[in-house]
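Novice: I'd like to go over a predicted model; first the sequence, then the structure.
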Amino acid sequence: MLERLAGRLTSDTTPKGILVLIPVRRSAMTAFCSPVVVIWAVIAAIHYWNVLVAPHPENSEFTLQLIAIGIYIAGSCFFAGWLSWILTGETILTLSPDEMKVRHRVLGIGLDTYRFSPSDIHNLRYIPPVDSWPFKTYTDPSTSSVRFRVGHKSYSLAKGITETEAFALMLEMHKVCQFTDGFALDRLEVLNSRYR
């Protein structure tokens, strides 16, 4: 049974280890952008449908309309994917002493899976959000994440995670996986008392 770990994060103990669900962070812009783009898509679909069914001579104007239709279709596919990810996307982290598995899911369909040995994971840390470049007084929460290295390659997970969620997640990871270094182990007791 899923239990609240911190913020949006939930966890469950399974025979394979501890399962942590990290849903995608939705922002206020999602509520604004989604209806605007849906309205644009409907209006554009009606317009381009009328262009296609109307009689048309072979000229360069119709060729430009076909190019515009192709761009519209590509944009609609991109938007459908973005909306699916924002509304149903989640990262599933499976933690066991032998393995850390990271899986991404959209619409209940697994997209990709990464498996790591805890002994290979180094430099586990929380990356705080950064200022948005157009508005220096606004911090973009979607830029935060938990980052770690395996060999010479850097990986990140849980984009948009808050500091409280990140430390609760890292505590859970350390309880199960026993990483060799990276996250300041002397801070575990402080964090344990704060995010218990």
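Specialist: On my side now, so go ahead.
Novice: which residues in this structure form strands?
Specialist: All strands of the chain, identified by DSSP state E, fall at 3-6, 9-14, 17-23, 90-95, 100-106, 109-116, 121-127, 130-131, 139-140, 145-150, 153-157.
Novice: would you tell me which of these gets closest to residue 51?
Specialist: strand 100-106 (32.2 Å; CB to CB). Any C-beta I mention is one placed from the backbone N, CA and C, and that applies to glycine too.
Novice: quick one: contacts of that closest one?
Specialist: 84-85, 88-94, 110-118, 121, 155, 157, 173, 177 (CB atoms under 8 Å, 6 or more residues apart in numbering).
Novice: just the buried ones from these?
Specialist: 85, 89-91, 93-94, 118, 121, 157, 173, 177 (16 or more other CB atoms under 10 Å).
Novice: export those to CSV and tack on pLDDT and distance to residue 128?
Specialist: Shown next, in CSV, are the buried ones among the contacts of strand 100-106 (pLDDT from 0 to 100; distance: CB to CB, whole Å):
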residue, pLDDT, distance to residue 128
85, 80, 23
89, 84, 22
90, 88, 22
91, 88, 19
93, 89, 20
94, 89, 26
118, 84, 24
121, 85, 20
157, 87, 15
173, 84, 18
177, 75, 23
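Novice: of all those, which two lie farthest apart?
Specialist: 85 and 118, at 28.1 Å, using CB to CB across the buried ones among the contacts of strand 100-106.
Novice: isn't residue 173 up against residue 96?
Specialist: No - assessed by CB atoms under 8 Å, residue 173 is found out of contact with residue 96, at 10.9 Å.
Novice: tell me what angle the longest helix seen in the chain forms with strand 109-116.
Specialist: If you go by DSSP state H, the chain has its longest helix at helix 60-88. Orientation check (axes from the mean of the first three to the mean of the last three CA atoms, to 10 degrees): helix 60-88 against strand 109-116 gives 60 degrees.
Novice: what's the angle between helix 60-88 and strand 100-106?
Specialist: 130 degrees.
Novice: going forward, count from 191.
Specialist: Sure, I'll start counting at 191 from here, so that last one is helix 250-278.
Novice: any low-confidence regions in this structure?
Specialist: 191, 217-219, 246-252, 322-329, 369-386 (pLDDT under 70).
Novice: so who does the nearest residue to residue 351 once chain neighbours are set aside touch?
Specialist: Of all residues not flanking residue 351 in the chain, residue 334 sits nearest, at 5.5 Å (CB to CB, 6 or more residues apart in numbering). Counting by CB under 8 Å, 6+ apart, residue 334 makes contact with 316-319, 349-353, 356.
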